[in-house]
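>>> below is the sequence, then the predicted model.
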Protein chains: 2
Amino acid sequence: MTVLKDVSGGVALWRRIADAIRLDIVGGKLAEGDRLPTEAVLAERFSANRHTVRRALAVLAQDGVVGAEQGRGTFVRNARRLSYPIGKRTRFREGLKGQASSLTSVSLSNRLENATAAVAKALDIRSASKVVRLEGMSLADGVSISRSTTWLPYRRFPDFAERIARFASTTETFASYGIEDYARASTRISARHADVEETKLLGLAPGAILLVSEAVDVDAEGVPISYALSRFPAERMELVV
Amino acid sequence: MTVLKDVSGGVALWRRIADAIRLDIVGGKLAEGDRLPTEAVLAERFSANRHTVRRALAVLAQDGVVGAEQGRGTFVRNARRLSYPIGKRTRFREGLKGQASSLTSVSLSNRLENATAAVAKALDIRSASKVVRLEGMSLADGVSISRSTTWLPYRRFPDFAERIARFASTTETFASYGIEDYARASTRISARHADVEETKLLGLAPGAILLVSEAVDVDAEGVPISYALSRFPAERMELVV
DNA sequence: ATGGATTTGTCCGTATGTATA
DNA sequence: CTATACATACGGACAAATCCA
């Protein structure tokens, strides 16, 4: 087997520095308007060359997170990140209401397919039985904040795609099937790098980190009605339990 | 401002491919013993050169996740990942019990400090009032699975560090202060790259992704008793709500 | 047992990105 | 801005191991 003597882990130093500074900002250690340490100090702190720090700051500046001013220093510009609440009654639109002035959901595609083992298990149906698969994404104030794939049992929701296109709301669409209330049965959260498709759709830099949530919703009787795999850019969203 | 025409985002392609394959494995799409698609197929799927795919596979092989066999293919070796359940009554040791045969917590350091704005807000105390700060990490079966920083109000828990060293259990230590039960008030989850210190302590490759949880625990009366910032390697742990 | 197809392993070279000084 | 060293990514060619008709 090839011997790997790699120590960089495939993530450039400037990227790790940019992430660390961004975290200080969205995490509250640095407030809006604060001046960052000088490039020389940052270089010392991260054991990096000043050019490498400049590269990190340039990326953050392009994102609007910081702004450099000649002779004065680099300042925090925008420290906002959206919070997505997860609980028993998790509703996408309600959860983000008040955090963004506009919130749009885009349906990318839908199709019928046979449930994979994972999907069947989540929905508690026979493997390879028919499921409706929906691909979508959503934007807050024009910025994409999530990419999601949803599976529903075909037997119960044969025309879910058509109905959600009409109602533009998951809650109302379920209501049209007589499901007045539904609850979150489980949410599994992991994280990984965005793939090529997600990178393009969400307008992210390749290598951006995604929070991945696998959620199963159940009706009032506890029967699974949907299995959703949602991907949120970690730099724009956090999940709150 | 410098114009950036970067398209790699600072994360190497082989790293993104390795992450994607690893996710398929720990996520259950590929089971232990399964054969991966051939290098040529993977290269096609990720729009990459076969050499780049080989680099990704070599890293996964070194981690013991896959193993390549000349002439036969590459196979899934080890698909395990721990799940950490988060809920109203979140207990670290209980949550992981049964998933690992040994579970050890290491206390790295502790000190007294003045609460920062973020810590004061979380614990609902006056800014700059005294807090106990604990640094620790934990291992499951000898593999490090978390790095955590915990703050507690000094007024109520002046000798928390000494007591937890004696009891080796958060639940029992709280009990020694007369707190028979406590509950999780909120958990905020985000993700980022590991910094240098975390990389070393957790034995990760630089650039590894961490799931970051900020949790506030409260006593029976709803008064905050601790604020913990835990970091879990996304490749080893997932959070389940 | 042989040949050919498949699949991983190794070698060559070239261009660009990363990081330091 | 220069220069240097190394990592990343691509492309092609061929060897070595495995499998199957």
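Yep, it's here. Numbers count the residues shown, from 1 in each chain, chains lettered A, B, ... in the order given.
>>> if I look at the closest residue to A:A168 other than its chain neighbours, how far off is A:K97?
Nearest-residue entry for A:A168: A:S105, 6.9 Å, with adjacent residues in sequence omitted and distances by C-beta to C-beta, 6 or more residues apart in numbering or on different chains. No exception for glycine: its C-beta is placed from N, CA and C like everyone else's. A:S105 sits 13 Å away from A:K97, going by C-beta to C-beta, to the nearest Å.
>>> who's more crowded, those two?
Neighbour comparison, A:S105 and A:K97: the larger count goes to A:S105, with 16 against 10 (by other C-beta atoms under 10 Å in any protein chain shown).
>>> so which residues make contact with the strand or helix carrying that one?
Taking DSSP states H and E as the definition, A:S105 sits inside strand A:103-114. Identification of contacts with strand A:103-114 by C-beta atoms under 8 Å, 6 or more residues apart in numbering or on different chains yields A:92-93, A:96-97, A:128-140, A:154, A:161, A:164-165, A:168, A:201.
>>> looking at the residues you listed, which are in helices?
The helices, defined by DSSP state H, take in A:F92, A:R93, A:L96, A:A161, A:I164, A:A165, A:L201 from the contacts of strand A:103-114.
>>> I'd guessed the fourth one sits against A:V132; true?
Yes. If you go by C-beta atoms under 8 Å, A:A161 and A:V132 touch, sitting 6.2 Å apart.
>>> the residue lying closest to A:L210 once chain neighbours are set aside and A:R16, how far apart?
Spatial nearest neighbour of A:L210, excluding adjacent residues (C-beta to C-beta, 6+ apart): A:R231 at 4.5 Å. Distance, A:R231 to A:R16, by C-beta to C-beta: 22 Å.
>>> the two: which has the busier surroundings?
Shown here are A:R231 and A:R16; by other C-beta under 10 Å, A:R16 has more neighbours (26 against 22).
>>> now do the contacts for that one.
By C-beta under 8 Å, 6+ apart, the neighbours of A:R16 are A:F46, B:G10, B:H193, B:D195, B:P206, B:G207.
>>> got it, and A:F46?
A:F46 neighbours (C-beta under 8 Å, 6+ apart): A:L13, A:R16, A:I17, A:A20, A:T52, A:V53, B:V196.
>>> how about A:L123?
Applying C-beta under 8 Å, 6+ apart to A:L123 gives the contacts A:A115, A:V131, A:W151, A:L152, A:P153, A:V216, A:P224, A:S226, A:Y227.
>>> what's the burial count for the closest residue to the first one other than its chain neighbours?
It stands for A:A115. Leaving aside its chain neighbours, A:A115 sits nearest to A:V131 (4.7 Å; criterion: C-beta to C-beta, 6+ apart). Neighbourhood size, A:V131 [other C-beta under 10 Å]: 24.
>>> quick one: residues contacting A:V131.
A:L112, A:E113, A:N114, A:A115, A:V119, A:L123, A:I125, A:W151, A:L152, A:P153, A:Y154.
>>> where does the closest residue to A:R91 other than its chain neighbours sit: helix, strand or coil?
Nearest residue to A:R91, sequence neighbours excluded (C-beta to C-beta, 6+ apart): A:T171, at 6.1 Å. Of the three states, A:T171 takes helix under DSSP: H, G, I helix; E, B strand; the rest coil.
>>> I'd guessed A:T171 sits against A:R89; true?
No. In this structure, A:T171 is not within contact of A:R89 by C-beta under 8 Å, at 10.0 Å.
>>> A:V132 and A:L112, how far apart?
Distance, A:V132 to A:L112, by C-beta to C-beta: 6 Å.
>>> likewise A:P158?
9 Å.
>>> buried subset of the contacts of A:F46 as a ChimeraX selection?
Remark: buried members of these, expressed as a ChimeraX selection using 16 or more other C-beta atoms under 10 Å in any protein chain shown:
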select /A:13,16,17,20,52,53
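>>> can you list the weak-confidence ranges in chain A?
Low-confidence segments of chain A (pLDDT under 70): A:1-8, A:27.
>>> domains for it, by residue range?
Split into domains by automatic domain parsing, chain A comes to A:11-76, A:82-240.
>>> and the residue nearest to A:A115, bridged to which residues?
A:E113, A:P153 (DSSP bridges).
>>> can you show me the strands along chain A?
Taking DSSP state E as the test, the strands found in chain A are A:66-69, A:73-76, A:82-85, A:103-114, A:130-140, A:143-153, A:182-193, A:209-219, A:224-233, A:237-240.
>>> out of the ones you listed, which comes closest to B:V240?
When those are compared by C-beta to C-beta, strand A:182-193 sits nearest B:V240, at 5.0 Å.
>>> quick one: the closest one to strand A:209-219, angle?
Angular relation of strand A:182-193 and strand A:209-219 on a 0 to 180 degree scale: 160 degrees, by axes from the mean of the first three to the mean of the last three C-alpha atoms, to 10 degrees.
>>> now for strand A:182-193, which elements pack on it?
When contacts are defined as 3 or more C-beta pairs under 8 Å, 6 or more residues apart in numbering or on different chains; DSSP states H and E, strand A:182-193 sits against strand A:209-219, helix B:13-26, strand B:209-219, strand B:237-240.
>>> could you dump those to TSV with distance to A:R35?
Conversion of the helices and strands packed on strand A:182-193 to TSV gives the following (distance: least, C-beta to C-beta, whole Å):
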stretch	distance to A:R35
strand A:209-219	27
helix B:13-26	33
strand B:209-219	25
strand B:237-240	35
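>>> who wins for neighbours among the contacts of A:R16?
Ranking the contacts of A:R16 using other C-beta under 10 Å puts B:H193 first, with 28 neighbours.
>>> what number of residues lie near the closest residue to that one other than its chain neighbours?
Nearest residue to B:H193, sequence neighbours excluded (C-beta to C-beta, 6+ apart): A:D19, at 4.6 Å. The tally of other residues near A:D19 (other C-beta under 10 Å) stands at 24.
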